[in-house]
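In: Pasting the sequence and the predicted model now:
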Amino acid sequence: MTARAVARMLGSIVIANVLFLVSMLLAPFDPEQVADRVRAAFATGDLSLDEYRRHDIRRGWHQYNDCAVLQLLSAPDSSRLARALAPRWSFLRADVEENYSCGALEALTVRGAGRDSMATYRYARYWHGYMVPVGLGLRAMDLVHLRRVLLIAVCIGLAVLAGAAVRARIHSRRTGLAIAGSATLCWAVPYFAPGLSHGPGDAALLLALAGLVLRPSLAADLGALLSYSAVFGAIVVFFEAFTGQLPIAGAWLAALVLAAARDQSPPGAIDARVLSLAALGAFGVGGVMTVVIKQVLAALLAEPAAGSAFVNRLGGYLAVPAPRDGIPGLLLPYVELVRRMFVLTAWHRLAGKLLAWALAIGWSAGVVRGWRHRHDVAGRDVIFLSALALLPALWVLAVPSHTLIHASFMVRMMVVPISLAAAALLWPVRAVRLLDGYTVDGRRRDAGASRRRP
């Protein structure tokens, strides 16, 4: 049965990637219409040359990525395959300063600059799945309304997850509410959900998690669980642009599988923590296979150098940064993430520091709570949740240079330890204190212990 479950999982990943390719090929992108939307946005101020906008709920913070997505959509291409697998991206050449994404978009669409005057390459490192909902959205509405729709979609995802958790059993209810509440308060949703490269992935992530809470029976079927988790990993990679959604989704999935398995707990079932790790492993397999499939398709059908470009960039992300100000290079990204906690508190630096201290205290309290009850299944579950909270730290250890360079949005990963520390503190733990020969939950204590009582 395990072999059948693995085969079913692998087949699900392949089917998901076929659907990804079909959606990228068949989505009715209209480069001229997108260019018109872009020109109108520059005229109204919905786009500007400012690539990072603080406190801007209407436009979102990460304008650099938005301009990149809009350029990929507005650039006509020689074939649908090239556009789907390796869309063209051009950027300005500058003698001193680095490339400006919005500057390049404005030059191409508003000032009519030719791509021959810019550096152009095939941007094949990602699936760019966000191009599908964004391209479709821009056919029906202008940019400002599309951003509003993305924000609403993420809010709906949060509401569906919270609503599903409220109706779930105790473990799923508390874990789901901890995740939904922490995401609402500490994920900087108003500033990232309107983003064209953040919003679609965030919404898909939340709805997939809500599906698990609504159908906790998935945790009782190994084949279904592995397939669901693997497809979830593939979907996150489809929408992902290395913005931190992978470690967030993986950690939350593992926590909710643990909760669902504890709520279901059919006789003879696989241990809940083993199921949680299996789901996390399937999620990783789905993500890795999707990356590999995308690179192979791009190299064979659109851009022969796609694989080497991906490996070269990944090598730079995996490198350990040079030491700075006496801080070892491997510790720099962790320090920078803590410094950037203010992003999660609407750019209020004092609130960011308080949040960092609250996180440290809350996570430590969860570990202590689990250790006190370590001889009980529930106590070991609390320790397990506390360990899952460290998944973003492992991600940083794997790609330290990328995290350091992009700490201003990778800091969103900190919502994982915040939410899972809360889940660990809320996890149901039975007391074991003895009262007149019985535990507080009414079970008779050990007979030998009764005889030894003075």
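Out: It's in. Numbers count the residues shown, from 1 in each chain.
In: And residue 119, what's its pLDDT?
Out: Looking at residue 119, its pLDDT reads 80.
In: Can you tell me the closest non-neighbouring residue to residue 420?
Out: In space, and not counting its chain neighbours, residue 420 is closest to residue 389: 3.9 Å by C-beta to C-beta, 6 or more residues apart in numbering. Any C-beta I mention is one placed from the backbone N, CA and C, and that applies to glycine too.
In: can you check residue 341 too?
Out: Spatial nearest neighbour of residue 341, excluding adjacent residues (C-beta to C-beta, 6+ apart): residue 352 at 3.9 Å.
In: and the one you found, what is it in contact with?
Out: Counting by C-beta atoms under 8 Å, 6 or more residues apart in numbering, residue 352 makes contact with 340, 341, 342, 343, 344, 345.
In: average pLDDT for stretch 215-222?
Out: 90.
In: got it, and stretch 199-210?
Out: Mean predicted lDDT for stretch 199-210 stands at 97.
In: same question, stretch 226-246
Out: Here the average pLDDT along stretch 226-246 is 96.
In: any idea how far it is from the chain center?
Out: 8 Å (C-alpha atoms, centre = their mean, to the nearest Å).
In: One more: stretch 117-125?
Out: 26 Å.
In: Same check on stretch 104-111?
Out: 31 Å.
In: can you map out the helices along the stretch 151-300 of the chain?
Out: Using DSSP state H, counting those that start in this stretch, the helices of the stretch 151-300 of the chain run over 170-186, 189-192, 199-214, 222-239, 245-264, 272-301.
In: ok so residue 89 is a strand residue?
Out: Yes. Residue 89 sits within a strand when classified using DSSP: H, G, I helix; E, B strand; the rest coil.
In: Around it, count how many other residues there are.
Out: By the criterion of other C-beta atoms under 10 Å, residue 89 has 22 neighbours.
In: Can you read off the pLDDT for the spatially closest residue to it that is not a sequence neighbour?
Out: Distances taken as C-beta to C-beta, 6+ apart place residue 123 nearest to residue 89, at 4.2 Å, with adjacent residues excluded. With respect to pLDDT, residue 123 scores 91.
In: With the one 10 residues further on instead?
Out: Confidence at residue 133, expressed as pLDDT, is 96.
In: ok so, going back, out of the helices of the stretch 151-300 of the chain, which is closest to residue 87?
Out: Checking the helices of the stretch 151-300 of the chain against residue 87 by C-beta to C-beta gives helix 272-301 as the closest, at 10.3 Å.
In: Now do the helix or strand containing residue 15 against helix 272-301, angle only.
Out: Taking DSSP states H and E as the definition, one finds residue 15 inside helix 2-26. Per axes from the mean of the first three to the mean of the last three C-alpha atoms, to 10 degrees, the angle that helix 2-26 makes with helix 272-301 is 40 degrees.
In: Give me the pLDDT for the spatially closest residue to residue 165 that is not a sequence neighbour.
Out: Residue nearest to residue 165 in three dimensions, not counting chain neighbours: residue 176, with 2.7 Å by C-beta to C-beta, 6+ apart. In this model, residue 176 is scored at 97, pLDDT.
In: what's the burial count for residue 263?
Out: Count around residue 263 with other C-beta under 10 Å applied: 20.
In: and residue 414, what does it touch?
Out: Here residue 414 is in contact with 186, 337, 341, 344, 359, 392 (C-beta under 8 Å, 6+ apart).
In: closest to residue 280 among those?
Out: Nearest to residue 280 among the contacts of residue 414: residue 392, at 13.5 Å, using C-beta to C-beta.
In: Please identify the helix or strand for the closest one.
Out: Going by DSSP H and E, residue 392 is in helix 391-398.
In: Which elements pack onto whichever helix or strand comes after that helix?
Out: Using DSSP H and E, the next helix or strand after helix 391-398 towards the C-terminus is helix 400-405. Under the contact criterion of 3 or more C-beta pairs under 8 Å, 6 or more residues apart in numbering; DSSP states H and E, helix 400-405 touches helix 306-318, helix 332-339.
In: Alright, that wraps it up for me.
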